[in-house]
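Participant: Below are the sequence and a predicted model for it; my questions follow.
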Amino acid sequence: MPANKVAENVLGTIGAICWTVQLIPQIWKSWRSKSTDGLSLWLVFLWGFSGPFLGVYAIVQDLNVPLILQPHLFAALCFVSWAQCLYYGKKRSRNFAVVSFLAVCVLLGGFEAGMVFAISPSFHAGHIAAVQFFGIMSSVVISLALLPQYYEIYKHKEVVGISIMFMLVDCLGGVFSDLSLAFKAKFNVIPAVTYSLVVVLDGIVLLLALILNPRAARRLRALKDAEAALPAPAIEDILVPAPDTNPRVDVEEKAVEIRTRDVPPGASHDTEKSVPDAIVVASQ
């Protein structure tokens, strides 16, 4: 395909916009429901962690500006969602979640800046191994990040807790980013693999939602119908224990209580027996 700088930047911009706003539906969903149940904490953390690796690759390779901005905006929103998982899911304090968000952003931002300055001279000297390492690592981390989410889907037997709109926009972002690379003068394989993996792995989640969520809804409906069909227990079916009206038992228990109370400490069993047995006889 012939190089087209305008098409490259337009498609790259659309992809960057998709990946900028993609997590907003998820963040909104978690905030509104005050819950992140079903959303894997490791998914959003590892996706955020992959951002600096792809950022180093994009900056050193001098990709178009939207593709340089994309991993940084994506990582920031991922860590916002991760902080929500800490606050809503792990029940940590609000201050702990905010400090954790700021700390991880500062640490990974410093790591990325240091790596850019460290490997740029070798890249411009013709050694591309280090740059390729960062590109490959981003692909590996992004791929591995969805494994915990697949486990959450398996555990709940449906796609729950994760916004379908989030996954759909994420998938579209990968498509447009792939197309932008197709119009670049020199096609970059590594980011193309990364973006394609996002499309495929997100597509699997969307497919599972189409298959599993209707089944889960039918199971829940059948369970509610079964509970509604159960007859309510009648009042006469409830067993109430009858009061003990046997006077003999009551009198015998009182006799034992009197014997125990009236026998002085250290007294023999004969003394205990000397207590009048009239009470016991009266019960007969």
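Facilitator: Alright, I've got the coordinates.

Participant: gap between stretch 32-51 and the chain center?
Facilitator: Its chain's C-alpha centre and that of stretch 32-51 lie 6 Å apart, by CA atoms, centre = their mean, to the nearest Å.

Participant: Against V44, how distant is L146?
Facilitator: To V44, L146 is 11 Å away according to CB to CB, to the nearest Å. All C-beta spots, glycine's among them, are computed from the backbone N, C-alpha and C.

Participant: Let me see the domain layout of the protein.
Facilitator: The chain is divided into the following domains under automatic domain parsing: 5-227, 247-282.

Participant: picking that back up, more neighbours, L146 and V44?
Facilitator: V44 (28 against 22; other CB atoms under 10 Å).

Participant: so the more buried one makes contact with A76?
Facilitator: No - using CB atoms under 8 Å as the test, V44 is too far from A76 to be in contact (11.4 Å).

Participant: ok, which stretches of this structure are helices?
Facilitator: Assigned by DSSP state H, the chain shows helices spanning 5-21, 23-33, 41-61, 65-84, 94-124, 129-156, 164-182, 189-229, 247-262, 269-273, 278-282.

Participant: how about the ones you listed in CSV, adding mean pLDDT?
Facilitator: Formatted as CSV, the helices of the chain follow (pLDDT from 0 to 100):
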stretch, mean pLDDT
helix 5-21, 81
helix 23-33, 89
helix 41-61, 90
helix 65-84, 88
helix 94-124, 93
helix 129-156, 86
helix 164-182, 85
helix 189-229, 84
helix 247-262, 54
helix 269-273, 47
helix 278-282, 44
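
Participant: Mean neighbour count, these: which tops it?
Facilitator: helix 41-61 (a mean of 24; mean count of other CB atoms under 10 Å).

Participant: Does anything pack onto that one? Which helices or strands?
Facilitator: When contacts are defined as 3 or more CB pairs under 8 Å, 6 or more residues apart in numbering; DSSP states H and E, helix 41-61 packs onto helix 65-84, helix 94-124, helix 129-156, helix 189-229.

Participant: How about exporting that helix as PDB, limited to the C-alpha atoms?
Facilitator: Extracted C-alpha coordinates of helix 41-61, given in PDB (Å, rounded to 0.1, in the frame of the first residue of the first chain):
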ATOM      1  CA  LEU A  41      -7.400  -6.000  38.900                       C
ATOM      2  CA  TRP A  42      -4.500  -7.500  37.000                       C
ATOM      3  CA  LEU A  43      -6.000  -6.800  33.600                       C
ATOM      4  CA  VAL A  44      -6.000  -3.000  34.100                       C
ATOM      5  CA  PHE A  45      -2.700  -3.000  36.000                       C
ATOM      6  CA  LEU A  46      -0.800  -5.000  33.400                       C
ATOM      7  CA  TRP A  47      -2.300  -3.000  30.600                       C
ATOM      8  CA  GLY A  48      -1.100   0.200  32.300                       C
ATOM      9  CA  PHE A  49       2.200  -1.500  32.900                       C
ATOM     10  CA  SER A  50       2.600  -2.200  29.200                       C
ATOM     11  CA  GLY A  51       2.200   1.500  28.400                       C
ATOM     12  CA  PRO A  52       5.800   2.600  29.100                       C
ATOM     13  CA  PHE A  53       7.200  -0.200  27.000                       C
ATOM     14  CA  LEU A  54       5.100   0.700  24.000                       C
ATOM     15  CA  GLY A  55       5.800   4.400  24.800                       C
ATOM     16  CA  VAL A  56       9.600   3.800  24.600                       C
ATOM     17  CA  TYR A  57       9.200   2.000  21.300                       C
ATOM     18  CA  ALA A  58       7.000   4.600  19.800                       C
ATOM     19  CA  ILE A  59       9.200   7.600  20.900                       C
ATOM     20  CA  VAL A  60      12.500   6.100  19.800                       C
ATOM     21  CA  GLN A  61      11.000   4.800  16.500                       C
END
